[in-house]
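>>> Next one to model:
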Amino acid sequence: GALRSLTAVNLHLSKCDKIGNIGLISLVQGLGALPNLTGISLEFKNCGEIGDGGVTSLGEGLGAWLNLTTIDLNFWDCDLIGDRGVTSFSNGLGALLNLTR
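Modelled structure (predicted):
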């Protein structure tokens with residue numbers, strides 16, 4: 001549909017303490033259907049239920065957005081995110097050859 005032509009997503013879900021890994025995984029899957037994305041801004045500040053599983057999924061999903069030039073993420077005060085999630089996410093960044101910011 002029309003959503004497939006979206007080039008940017010700006011989603012701020014601060015203080016949504018009911019959103020966890022399953023919610024982030026579902027969001028990544030949905031965004032994966034948007035191949036024309038060039039910019040993503042996701043804020044999950046104070047969403048304390050998001051952990052390594054959700055951030056790992058985000059890293060794995062990065063490969064679907066080959067046109068991505070900008071990415072802005074905020075997981076401030078998401079204490080369940082650790083080394084495993086950050087490492088997995090970082091590995092996914094390598095697929096983004098057009099990333100400028």
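>>> Is there a neighbour count for Phe89? I'd like the number.
22 (other C-beta atoms under 10 Å). C-betas here are computed from N, CA, C, even on glycine.
>>> ditto for Gly59
Applying other C-beta under 10 Å, we find 21 other residues in the vicinity of Gly59.
>>> For Gly39, which residues count as its bridge partners?
Residues in a beta bridge with Gly39, per DSSP bridges, are Ala8, Thr70.
>>> give me the number of residues near Arg4?
Neighbourhood size, Arg4 [other C-beta under 10 Å]: 9.
>>> Thr7 too?
11.
>>> That one and Cys47, how far apart?
Distance check for Thr7 against Cys47: by C-beta to C-beta, to the nearest Å, it reads 25 Å.
>>> again, but for Leu66
Taking C-beta to C-beta, one finds Leu66 at 27 Å from Cys47.
>>> Counting neighbours, go ahead and name the busier of those two.
A side-by-side neighbour count of Leu66 and Cys47, using other C-beta under 10 Å, places Cys47 first with 24 against 12.
>>> pLDDT score for the most centrally placed residue in the chain?
The residue lying closest to the centre of the chain (C-alpha atoms, centre = their mean) is Leu58, at 4.5 Å. Listed pLDDT for Leu58 reads 95.
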